[in-house]
Every structure is written in C-alpha cells, then in structure tokens.
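[1] Dropping a prediction and its sequence here:
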Amino acid sequence: MTRPPSERTRLIRSATRRPHEGRRPVNPPVERASTLLNPRTAAMTDPALGPVYGLEGLTVQHELRAAVAELEGAANAWITPSGLSAVTIPLLALTRPGDEILATGAAYGPTREFLEGFLAERGVKVRYHPPRIEPADLLDLIGPATRLLLIESPASLTFEMIDVAAVAAGARARGVLTVMDNTWGAGLLFRPLAHGVDVSVQALTKYAAGHSDLLMGAIAAADPELDARLGAAIALMGWHVAPDDAYLALRGLRTLPLRLAEHGASALKVARWLADRPETAQVLYPPLPGAPDHEMWARDYAGGCGLMGVVLNGGHARAARALLDSLQLFGLGFSWGGYESLATFETPQLGRRPVPADLPGPLIRLHIGLEDPDDLIADLEQALAVFRAAGGE
C-alpha cells in the first residue's frame, strides 16, 4: 500500500491476514477449555507452546486482545470481565498503602465507591478535583503522596472535559501516573496513549461490543513495565473472559467505526433539536457547537458518540420522571453503547457526588442508538409535551 491503512481497515485486516496454510474460517475458533493437554511431560511448562491453562485465554481471546491493542495504539492489551474491572485493576496494581489518587469529582459512581470503600480500607486515599479545571490548577493539586491521576474526559453524566495531553505531560514530569477511562471515546474517537496517558481503559461492554449482550473491559499501557504489572495483577486475581464473550466483542469491534459514526451523526442531530427547545436549559454534549468544551472536543476528538446529558428547564423530579415514562422508543435502562436508544434520570446520582453540580433543572441522560433520528426526535417531542403538562417549564 502507498499509505498506512485507516483504523477502519486495521480493525478488519487482522481477520484476513492471520497466518494459515490452506483454507480456514475468517473468524477465529471459539475454544471452550479449562484443561490443555500436552504430548509429553516436558511440554507442560514450555511457554513456547502457548497457554498452559484455559485461564490465560486461547485463540479468540488473544485475537481480541490484538485487535484492541491495534485500536489503542499499544503493543499489547488486556481484556477483563467488565468495564468496572478495567478501571479498578490499574488502581489496584499501580498503587500501594499510603498513596493518593486524584480524580474528578464527576467520576463514574461505581468507580467512586471503589475508591472510597475498597481502596480506602487498604490505605490508598482519594482526593477529588472540580470536573472542569485548567491543567495548571489540576497539577497544582498534586501532593507528595499523589501517585496517580484518574481521568474521565468527558466526565460521567455532566460531560466536562479537560486538556488530557497537558495534564498527562505535567503529571509525568512530576512522577505521577495517569489512567484514563476512555469509554466515551471508545478508543476510536480519542486515543489516550497518543496524548501521553500512561494507561487507557474502556468498557468494551459499550460501543466495541455494540449489541448490549455482554460485559467486558479493556486495558492498554504504553510502557512495557506498566503493561507487565497490569498483566501480573490480572493473572494473580484470576480475571478471565469467556471465549464466547470474547467472540462477540471481536465481532462487534469489526464494525465499530461504521456504527460509531452513525451514533455520532444521529446524536448531533438530536442535540441540535433539543438545544432549540424551550423545555431544555442545556444540552451537555461536547460535539454540539456552543456546548461547554466544544472547542477542546473539536481539537482532540475524531468524532462524537451517542451519549449526552440534557438539563431540563426548571420543573421537578416528578415532571422529569413523567417525561421518561412517556417515551416509546427510548428504553429505560442503565448502560449505553448498544444499538438501542436509552434514557435515564440522573439527578439523584448528582446528589451523591463529592463536588456538587450546579444545574438549573433535572438532568436526564440520553443514549442515541441506531434508530432513525427523526423518529427519536418525534418521541422526544411528545415526551416534552408530557413534561410541560406535569409541571415543567
């Protein structure tokens, strides 16, 4: 080829370029095995022959890891049983009692629970910074015990962004590691390692799998020493991804660029429509021109996904719930990244944050799926009428 292949091509190329003799299926085999048999005793511990036990993963798991590494721009990647485990494993592997983690106050709720519960009980402290903060101000918060910065950009629920490259460079100069939850960017819209982040994690549950039928996470590190520490932690804790789930995630990954582009285009159309509605105080979606942090998003990201926050214009919780209950095309369910559109009521979660969110009305979260966006807009229009009738603005 006269030019390097695009991400879209690279995610498929491994399927057709896998070494083989004669004919073979385009997809890797799904091998369901715990015990692996050997031809002789001496072979039982020979690493040159591959895995010695099913826990290490077989063909499909290793092909998925290679595809995720390609996506992340890393030499290697690890897969874990859930997105949450992909976040917690680096926090466990890279900190020790007496260390401190600095994280956004808008961090994903289960991540905060892990920080404030499990890690705190084991001597690792956490301190939070405001979700929207200048890099210099964030770096000034680093103290003698700070070992790791946990980055979410855009942040959970309220979608604040930070200058990741500037923060990562400043943290490295101070000897502090950076771990970024990049589920919103899916490894395709944003590549943390290319912006200087030490460890990139994401929930493959969401866009990589794409069909709301499995739980899985991924971890990638640029530095071989960090990669080895992460792999050792995964092995010692016995984290394993089943071959059938790995197969489904790999299948989804092949079409990620096409699906994500459609999610992003539909979401932007819906966001533009919502921004002009009198019932909407603010649309929290960085790809939307005029939205908070739009300029930073336009500089650093290759596109948008389908997830956004919508701040309703006044009203109360009862009216917001009436809006959600009247939706006909949006499912009411947690998670996102699948083919279906979803809606959730998020104001109660904001009340549990260590850094309060100052919003003028109730917050709902929308995931724009692969339905016709005009149909989704029509559904939202009738739901906003219910919101008004129930006491919203």
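    That came in fine, so what should we check first?
[2] Every contact and neighbour count from this point should use C-alpha atoms.
    OK.
[3] Contacts made by stretch 386-393 with the rest, please.
    Contacts to stretch 386-393, defined as C-alpha atoms under 8 Å, 6 or more residues apart in numbering, come from residues Pro278, Glu279, Asn313, Gly314, Gly315, His316, Arg318, Ala319, Ala320, Ala322, Leu323, Ser326.
[4] Give me the buried stretch members for it, please.
    Val386, Phe387, Arg388, Ala390, Gly392, Glu393 (16 or more other C-alpha atoms under 10 Å).
[5] Out of the contacts of stretch 386-393, which end up buried?
    Buried members of the contacts of stretch 386-393, scored by 16+ other C-alpha under 10 Å, are Glu279, Asn313, Gly314, Gly315, His316, Ala319, Ala320, Ala322, Leu323, Ser326.
[6] what's the domain layout of the chain?
    Split into domains by automatic domain parsing, the chain comes to 7-254, 256-389.
[7] Run through the residues that contact the closest residue to Pro292 other than its chain neighbours.
    Ranked by C-alpha to C-alpha, 6 or more residues apart in numbering and with sequence neighbours excluded, the top spatial neighbour of Pro292 is Pro286, at 6.2 Å. By C-alpha under 8 Å, 6+ apart, the contact set of Pro286 is Phe159, Pro292, Asp293, His294, Trp297.
[8] any idea how far Pro286 lies from Ser153?
    Computed as C-alpha to C-alpha, to the nearest Å, the Pro286 to Ser153 distance reads 10 Å.
[9] mind checking which helix or strand of this protein has the lowest mean pLDDT?
    helix 7-17 (a mean of 74; mean pLDDT, DSSP states H and E).
[10] Could I get the average pLDDT for whichever helix or strand comes after that one?
    Toward the C-terminus, helix 7-17 is succeeded by helix 59-72 as the next helix or strand (DSSP states H and E). Helix 59-72 carries an average pLDDT of 96.
[11] And the contacts of helix 59-72?
    Helix 59-72 is contacted by residues 7, 10-11, 14, 28-31, 75-79, 187-188, 191-193, 200, 218, 220, 241, 243, 246-247, 249-250, 253 when judged by C-alpha under 8 Å, 6+ apart.
[12] before we move on, the earlier item: filter the contacts of stretch 386-393 down to just the ones in helices.
    Under the assignment DSSP state H, those contribute Arg318, Ala319, Ala320, Ala322, Leu323, Ser326 to helices.
[13] Turn the residues you listed into CSV, columns for pLDDT and distance to Ser335.
    Below are those laid out as CSV (pLDDT from 0 to 100; distance: C-alpha to C-alpha, whole Å):
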residue, pLDDT, distance to Ser335
Arg318, 95, 23
Ala319, 96, 23
Ala320, 96, 19
Ala322, 97, 21
Leu323, 97, 19
Ser326, 98, 20
